[in-house]
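[1] below: sequence and its predicted model.
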Amino acid sequence: MSRFQSIGVIGAGAWGTALAQAAASAGRDVTLWAFEPEVTEAIRTTGENTAFLKGVKLNPAIRATSDPEALARCDAFLLVTPAQHARRTLAAFARHIPDRAPVLLCAKGIEQGSLALMTQVLAQTVPHAIPAVLSGPSFAIDVARGLPTAVTLACEDAVLGQQLMDATGSPAFRPYWSSDLIGAEAGGAVKNVLAIACGISEGKGLGRSAHAALIARGFAEMTRLGVALGARRETLAGLCGLGDLVLTCSSPQSRNMSCGLALGRGEALADIMAARTAVTEGVATAPAVTALARREGVEMPICAAVDAVLSGALDVDSAIEALLSRPFGPENA
């Protein structure tokens, strides 16, 4: 039997629900906490998360709740709330998380203001927990339906990593261990911003060559920032970096790419966001990534251009013109 038999999933959006489904499929006892009582009620009465993952029948082993105390008996936790809400949520759950329990951080973002990675937010709010990161190329609907998916599971200790892989993994949901938490976090955060850029390019009809260039040059930006923060290049070249970047930048199914697609077609950001119920992490992460890059002395022109468009400092055409007017230089710089 797995060391971690009882899994608490904090956050019942599409991704949290999908991860609860994956853990239940792995044979774990899963408690899924939803902020919205109506989500809890829908799961209990219909067996579906009709608000965020409609059409997917959930494993009956998943228990839905809106009571934080219901997770107090869990021995491992997945935090799947949006990055900008992570601090408040973790602070609220701190007393329900046992000493030395692992918390897998599944939000992909950087906190605005503090510019903290999610592991840093965890250390400040639940210092008695053991940090881990789950990140990689994965759409919630694919995971929830049991389609083959591979992700990075990062934590410092290899034995703990194996135990967490055993607790969450299955033939269809395949975690790969890494000790590089910073790499897993940096890749997941930056790719969301770059996906907005790729969506804008698609919306403007700039062609597949431009799309490929954005992915490649965006990966260079991701690597520069990650290494400056202490990540390993090989981590960023793996599932949680390049793998996630390719997926998120290549399908309108991505909330971030679809946001960029609408921007490229001339829609206003306020209208795009007003029509959505799910969080588009790249919108909140873009200013944080740009500020973090500035602090670390790292050049990230694509991310900076996205930030300028989202803030209204530049319109889409001006941002594209600014990128295309940059001086020529070496590829590895």
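    Received it, and whenever you're ready, just let me know what you need. Numbers count the residues shown, from 1 in each chain.

[2] CA atoms for contacts and neighbours, from now on please.
    Fine.

[3] which residues touch stretch 119-130?
    Residues from elsewhere that reach stretch 119-130 (C-alpha atoms under 8 Å, 6 or more residues apart in numbering): 86-87, 90-91, 94, 97-103, 105, 131-133, 181.

[4] how long is that stretch end to end?
    End-to-end distance for stretch 119-130: 9 Å, by C-alpha to C-alpha, to the nearest Å.

[5] and for N256, the neighbour number?
    As a burial measure, the neighbour count of N256 was computed by other C-alpha atoms under 10 Å and equals 26.

[6] check contacts around I320.
    By C-alpha under 8 Å, 6+ apart, I320 lies in contact with A305.

[7] which of the three states applies to it?
    Per DSSP: H, G, I helix; E, B strand; the rest coil, the local secondary structure of I320 is helix.

[8] tell me how far it lies from L122.
    Relative to L122, and taking C-alpha to C-alpha, I320 is found at 37 Å.

[9] shouldn't L247 be in contact with G136?
    No - contact criterion C-alpha atoms under 8 Å: L247 and G136 do not qualify, at 9.2 Å.

[10] and these two? which has more neighbours close in?
    Neighbours were counted for L247 and for G136 using other C-alpha under 10 Å; G136 has more, 29 against 19.

[11] need phi/psi at the more buried one.
    In terms of degrees, to the nearest 10, the main-chain angles of G136 are phi 160, psi 180.

[12] mind listing what it touches?
    Contacts of G136 were listed using C-alpha under 8 Å, 6+ apart, and they are A150, V151, T152, G188, L239, C240, G241, G243, D244.

[13] what about the third one, helix or strand, and which?
    Element membership for T152, per DSSP states H and E: strand 149-154.

[14] ok, the residue nearest the centre of the chain to L32 distance?
    Nearest to the geometric centre of the chain sits K108, at 2.8 Å (C-alpha atoms, centre = their mean). Relative to L32, K108 is positioned 19 Å away (C-alpha to C-alpha).

[15] how about the strands in the protein?
    With DSSP state E as the definition, the chain shows strands at residue ranges 6-10, 29-33, 62-65, 76-79, 102-105, 130-135, 149-154, 173-178.

[16] note down every partner strand of the second one and its orientation.
    This points to strand 29-33. Strand 29-33 pairs in its sheet with strand 6-10 (parallel), strand 62-65 (parallel), by DSSP bridges.

[17] dump the strands of the chain to JSON lines, plus distance to A167, mean pLDDT and mean neighbour count.
    Supplementary listing: the strands of the chain in JSON lines, determined by distance: least, C-alpha to C-alpha, whole Å; pLDDT from 0 to 100; neighbours: other C-alpha atoms under 10 Å:
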{"stretch": "strand 6-10", "distance to A167": "8", "mean pLDDT": "97", "mean neighbour count": "26"}
{"stretch": "strand 29-33", "distance to A167": "10", "mean pLDDT": "98", "mean neighbour count": "25"}
{"stretch": "strand 62-65", "distance to A167": "15", "mean pLDDT": "97", "mean neighbour count": "22"}
{"stretch": "strand 76-79", "distance to A167": "9", "mean pLDDT": "98", "mean neighbour count": "24"}
{"stretch": "strand 102-105", "distance to A167": "12", "mean pLDDT": "98", "mean neighbour count": "25"}
{"stretch": "strand 130-135", "distance to A167": "13", "mean pLDDT": "98", "mean neighbour count": "26"}
{"stretch": "strand 149-154", "distance to A167": "12", "mean pLDDT": "98", "mean neighbour count": "24"}
{"stretch": "strand 173-178", "distance to A167": "10", "mean pLDDT": "98", "mean neighbour count": "21"}
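
[18] R217 is nearest to which of those strands?
    Taking C-alpha to C-alpha, strand 130-135 is the member of the strands of the chain nearest to R217, at 21.1 Å.

[19] relative orientation of that closest one and strand 149-154 in degrees?
    Taking axes from the mean of the first three to the mean of the last three C-alpha atoms, to 10 degrees, one finds that strand 130-135 is oriented at 150 degrees with respect to strand 149-154.

[20] distance between strand 130-135 and the chain's centre?
    Here strand 130-135 shows a centroid-to-chain-centroid distance of 12 Å under the convention C-alpha atoms, centre = their mean, to the nearest Å.

[21] next, count neighbours for A26.
    A26 is surrounded by 20 other residues when neighbours are defined as other C-alpha under 10 Å.

[22] thought it was touching S170?
    Yes - in this structure A26 lies within contact range of S170 using C-alpha under 8 Å: 5.4 Å.

[23] ok, the closest residue in space to P137 that isn't next to it in sequence - contacts?
    Excluding the flanking residues, the one nearest P137 by C-alpha to C-alpha, 6 or more residues apart in numbering is D244, at 3.9 Å. Taking C-alpha under 8 Å, 6+ apart as the contact definition, D244 lies against G136, P137, S138, G187, G188, K191.

[24] quick one: pLDDT of D244?
    Predicted confidence (pLDDT) at D244: the value is 97.

[25] what about A129, distance to V80?
    From A129 across to V80, the span is 16 Å (C-alpha to C-alpha).

[26] with that, I have no additional questions.
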